[in-house]
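**Student:** Generate a structure from the sequence data that follows.
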Amino acid sequence: MKEISYALGVNIGKSLKNSGIQNIDATDFAKGMNDVLSGNSLDIPESEARELLNDYFKKLQEERMRKNKTEGKQFLEENAKKEGIITTESGLQYQILTEGKGETPKASDRVKVHYHGTLINGTVFDSSVQRGEPAVFGVTQVISGWVEALQLMPVGSKWRLFIPHKLAYGAQGAGEMIQPFSTLIFDVELIEIVK
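**Tutor:** Model (predicted):
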């Protein structure tokens, strides 16, 4: 049971750390856990504990959103100064890695693309390249930064897209990896317009 107890501690600790929780007092945490599991009386009522946690997580989320907005804005401002970066009126930035010679998709088209998506810190959150299988979808079935870029890209092009949060997943984020107000980077290769 000693190994199971430790493994549970590792699992819960990792989950807490991934949630952005830092500077936790492990002794108090273990005491709270032990009091519940042993049926001891609690140092604070459960309703108060819930309220404390709700407030804490709300502040943590607000902090994370502020940080994501600030870091994304700074990243895009610096990126815009780099040679070869094109910024559209919407705020989308792109860099042409390979210039294609084919047709440019329309909003009503379906396309086949290879892509590699990262956060601005380099963390990969999705990649058809890593899966080894291109994706096929309608031009308007993706985030608005992609919708705009795809209608500018000739087939055969490979572009690096720098997508501000407002053209990505905005305040909602997406899944566990893409937090609210995240700026995203995609390498996108437009393979073909699917007829």
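**Student:** Tell me which other helices or strands the helix or strand encompassing residue 47 touches.
**Tutor:** Under DSSP states H and E, the secondary-structure element containing residue 47 is helix 46-80. Packing partners of helix 46-80 (3 or more CB pairs under 8 Å, 6 or more residues apart in numbering; DSSP states H and E): strand 93-98, strand 158-163. Where C-beta positions appear, they are placed from N, C-alpha and C, glycine not excepted.
**Student:** Among these, which comes closest to residue 39?
**Tutor:** strand 158-163 (51.4 Å; CB to CB).
**Student:** for that closest one, what is the average pLDDT?
**Tutor:** Over the span of strand 158-163, the pLDDT mean works out to 98.
**Student:** gap between it and the chain center?
**Tutor:** For strand 158-163, the gap between its own C-alpha mean and the chain's C-alpha mean amounts to 15 Å (CA atoms, centre = their mean, to the nearest Å).
**Student:** what's the next secondary structure element after that strand?
**Tutor:** For strand 158-163, the following helix or strand on the C-terminal side (DSSP H and E) is strand 184-194.
**Student:** Next, the buried residues of that following strand.
**Tutor:** Residues 184-193 are the ones in strand 184-194 that count as buried (16 or more other CB atoms under 10 Å).
**Student:** would you list those in CSV and tack on distance to residue 159?
**Tutor:** As requested, the buried residues of strand 184-194 are arranged in CSV below (distance: CB to CB, whole Å):
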residue, distance to residue 159
184, 14
185, 11
186, 8
187, 8
188, 6
189, 8
190, 8
191, 13
192, 15
193, 16
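**Student:** JSON lines please, covering these and showing pLDDT and distance to residue 39.
**Tutor:** Listed next are those as JSON lines, based on pLDDT from 0 to 100; distance: CB to CB, whole Å:
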{"residue": "184", "pLDDT": "98", "distance to residue 39": "48"}
{"residue": "185", "pLDDT": "98", "distance to residue 39": "51"}
{"residue": "186", "pLDDT": "98", "distance to residue 39": "52"}
{"residue": "187", "pLDDT": "98", "distance to residue 39": "55"}
{"residue": "188", "pLDDT": "98", "distance to residue 39": "56"}
{"residue": "189", "pLDDT": "98", "distance to residue 39": "59"}
{"residue": "190", "pLDDT": "97", "distance to residue 39": "62"}
{"residue": "191", "pLDDT": "97", "distance to residue 39": "61"}
{"residue": "192", "pLDDT": "96", "distance to residue 39": "64"}
{"residue": "193", "pLDDT": "96", "distance to residue 39": "65"}
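**Student:** Thank you kindly, that will do.
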